[in-house]
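Participant: just to be clear, the model below is a prediction. Sequence and coordinates:
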Amino acid sequence: MATFPQLQQQLPEASFVPFECHRLATAELAFQNPRFELDADLLERCAFAIRTEESEGAFTPASQQSFGERYGGEGLMHNGGGVRCGLFGPYQVKGIGRNPLAGEGSGFWYTHGGSSFEEGFAEMVWGEVLERVLPHGAVPVLALIGTGLQCWVKAPDGMGRICVPRALIVRPGVLRPAHFERAYHYRPSAEMRRALPHDTERTRHAIGALPDSLPRERGSDEASWQSLKPAQKLERGLHEFALRLAEQHATARARRFMHGALTSGNVALDGRWLDYSTTSALSCYANTVLGTNEPFWHDHTHLLQVLNNLCFYAGKYLPRAEGEALPRAKALTTFFSQHFALQMVAQFTKLTGYPESAIAPHAHAPAVIALATHLMKLARAGNERPFEGIPDAGAKRGYDLGQILCTLAVHPQSSELDARLEPLIACAATRRETRRLYGEFAALVSSAAVTPEERLALRRRVILQSAKAGRDVHFLYRNQLYGQLQRLAMRYPDRRELCTMFGRLLENVVNEIEVLHQRDTGGPLLAYRDRQHSVELDVREGNWRVRRQGRVIETHPIASGTTEKTLPVALYPAREWLGKSTWEALL
């Protein structure tokens, strides 16, 4: 049974505002995240919303107190925190209506209080995708609850608004940097101005909880961590948080994922991402503009502001003993920038397909840094100008880094390599430099593979992993994902049918991502997965393994797929998914 901490046990009373909700008369548990075993009484606990005069008939007389989260940071307009969310124990429920934290003059789309099934489905997809892609994961959507109500959403053409079925989006409540920041632009109603502690006092009380809210420093056990003074926890916890931000963001950039709105309210204090309304996969390394952040190649600068703000508020409000030092913003942001640069090197070299275990011992070697620097230069070439919208396959710009690295993996010593690279890199000097740097890197990180068998196993691993790293995930372009969800909603007006079809979509996406972003631990590598079957490549044993529902049912030598006649039927889906050229290279 999944358990989650309660925010109200982590933050002081001033961080919350109570309000009344009423039970929805026809609520149903429409969809549950298959990754979690949740409380049997989830619907009983969370099927509440804020009653309005227009929707009185959709509620029963039963009521329950919920709590809104007060926080600050960017992107709130004049609101004082999460306006359409309420806490019910460990669960945060989005879409419950406009709560008392709505600020005067914030505008309709920041205060209407509803959430649609389409939004909930997209949030769940991204929570599952990023949990598997990013080293510190993402905040999941646990369940969607049907309300029997309608809500407004923007029309597909972007002009005007339309009414669609409303959903409650159930997530675990999580601590965010924004909980410890001022809401400078909050314009509370007259009633809230009288009822709530001033935002300055709210922030002062919250900052007192910050040292115990930060992630524990890696390598430190619980007992030694709890023995530290608050100022020591703050110093080490902020550095751990900064390190996680660097690891998360460098991974996302190398893998061409963009959040689009990485404010202090859209990252958790443990490093996880959340709130994915602007998130998208990209077909290339175009300097894409999404949401409110800087373009793709500069959007890490928002994280510097997050760290700056935490240091500022800690210095302003945290009591400390005489002479006790608190973290300095300059030192913390410099720490982040240094580790972000190191992580960019690590993540771009992993695109080569070489396992982390082979690269890590040489992480600071000139050959590793030189190749990573060159790959980033290729990725940025032709991509400095900001690009509005989602660069799909038809709008690719610059070099195709995935195809270049896959070609290098398949033909590292071939006399034909230059000719094969020419369509991908037109400049002869750039081709020579790419070949030289890749060769020096490969020679270094493969030096532990001594025997012919070890070298062949490593070569196959590199070919498969580089092919996966460069694969396009067009189904996760923001416009395509939302378009597919809209088409499902139109085709299946029945809620149960719609949720069944979404379940299949989610399963297909997760299967694809688990193949593409499998953690390389040195064991068998996934080459294909669907609802029933998976195909693995065991490079050490030199065979393919076919599994049905996790159990091995067939094993075939790699060479058994040399021709159409010798290819076992169970391997057809894997060859189709990988493509003919990758498949033949593996043989």
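Facilitator: Okay, I see it. None of these values were measured; they are calculated from a predicted model.
Participant: ok, residues contacting the one helix or strand V515 maps to?
Facilitator: Here V515 sits within helix 495-516, counting by DSSP states H and E. For helix 495-516, contacts defined as C-beta atoms under 8 Å, 6 or more residues apart in numbering pick out 28, 30-31, 34, 117, 121, 124-125, 128-129, 132-133, 144, 146, 165, 468-469, 471, 473, 475-476, 484-485, 488-489, 491-492, 526-531, 577. Backbone N, C-alpha and C define where each C-beta goes, glycine included.
Participant: and the residues you listed, which of them are in strands?
Facilitator: Of these, the ones assigned to strands by DSSP state E are 28, 30-31, 144, 146, 165, 526-529.
Participant: among these, which one sits closest to G219?
Facilitator: G219 has its nearest neighbour among these in L526, at 30.8 Å by C-beta to C-beta.
Participant: which strand or helix spans S66?
Facilitator: strand 59-69.
Participant: now do that strand: which elements does it pack against?
Facilitator: Contacts defined by 3 or more C-beta pairs under 8 Å, 6 or more residues apart in numbering; DSSP states H and E place strand 59-69 against strand 16-24, strand 48-49, strand 85-88.
Participant: okay, angle between it and strand 16-24 too, please.
Facilitator: Between strand 59-69 and strand 16-24, the angle comes out at 160 degrees (axes from the mean of the first three to the mean of the last three C-alpha atoms, to 10 degrees).
Participant: use 46 as the first number from now on
Facilitator: Shifting the count to begin at 46 puts that one at strand 104-114.
Participant: and the residue lying closest to W342 once chain neighbours are set aside, how many neighbours?
Facilitator: Nearest non-adjacent residue to W342, counting by C-beta to C-beta, 6 or more residues apart in numbering: N332, 5.1 Å away. Residues lying near N332 (other C-beta atoms under 10 Å) number 20.
Participant: over to the one 10 residues further on?
Facilitator: Neighbouring residues of W342 were enumerated by other C-beta under 10 Å; the total is 17.
Participant: which SS class is it?
Facilitator: helix (DSSP: H, G, I helix; E, B strand; the rest coil).
Participant: how about F302, what does it touch?
Facilitator: 175, 178, 324-327, 521.
Participant: kindly state the beta-bridge partners for it.
Facilitator: Judged by DSSP bridges, the bridge partners of F302 are A326.
Participant: next SSE downstream of the helix or strand containing W589?
Facilitator: Secondary structure assignment for W589, by DSSP H and E: strand 588-593. Once strand 588-593 ends, the next helix or strand along the chain (criterion: DSSP H and E) is strand 596-602.
Participant: list the contacts of the residue nearest the centre of the chain.
Facilitator: Here the mean C-alpha position of the chain is nearest to the C-alpha of L175 (C-alpha atoms, centre = their mean), at a distance of 3.2 Å. Listed by C-beta under 8 Å, 6+ apart, the contact partners of L175 are 182-183, 302, 318, 321, 324.
Participant: same thing but at 10 Å, please
Facilitator: 181-185, 293, 296-297, 302, 304, 317-319, 321, 324, 558, 562 (C-beta atoms under 10 Å, 6 or more residues apart in numbering).
Participant: from these, list the buried ones, please.
Facilitator: 181-185, 293, 296-297, 302, 304, 317-319, 321, 324, 558, 562 (16 or more other C-beta atoms under 10 Å).
Participant: so which of these sit within helices?
Facilitator: 293, 296-297, 558 (DSSP state H).
Participant: can you list those residues in a markdown table and add distance to R476?
Facilitator: Shown next, in a markdown table, are those (distance: C-beta to C-beta, whole Å):
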| residue | distance to R476 |
| --- | --- |
| Q293 | 33 |
| T296 | 28 |
| A297 | 29 |
| I558 | 32 |
